[in-house]
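**Student:** everything below, folded, please.
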Amino acid sequence: MDNYMSIDIINLPMVNEFFNWCVLFLEIIGDLTGLGYEAANILIFVIIQPSLIIIFYLLWKYEKKRNRFKRN
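**Tutor:** So this is what the prediction gives:
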């Protein structure tokens, strides 16, 4: 092993608690919507999150372009 200090993330209680909370949240969303854990996970992290990133990027570009024309 290298001389660098390594942190074993798997054994950090705070990380485990956060992960467990996230899994519980996805299970609740899956139960409420009737989709299940896997489908809720796909819906949130494969469809909604990337879509929001793209939408906010496009809005940012639009505002940047609009503000450039206002200054001139």
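
**Student:** what about L59, how many residues nearby?
**Tutor:** By other C-beta atoms under 10 Å, 10 other residues sit near L59. (C-beta placed from N, C-alpha, C; glycine too.)

**Student:** same question but for A40, I mixed them up
**Tutor:** Count around A40 with other C-beta under 10 Å applied: 20.

**Student:** am I right that it is in contact with L26?
**Tutor:** Yes: with contacts counted by C-beta atoms under 8 Å, A40 reaches L26, the gap being 5.2 Å.

**Student:** distance between stretch 16-35 and the chain's centre?
**Tutor:** 14 Å (C-alpha atoms, centre = their mean, to the nearest Å).

**Student:** pLDDT averaged over that stretch - what is it?
**Tutor:** For stretch 16-35, the mean per-residue pLDDT is 94.

**Student:** over to stretch 46-66?
**Tutor:** Mean per-residue pLDDT for stretch 46-66: 96.

**Student:** residues contacting the helix or strand harbouring C22, please?
**Tutor:** Secondary structure from DSSP states H and E places C22 in helix 13-33. For helix 13-33, contacts defined as C-beta atoms under 8 Å, 6 or more residues apart in numbering pick out 9-10, 35-41, 44.
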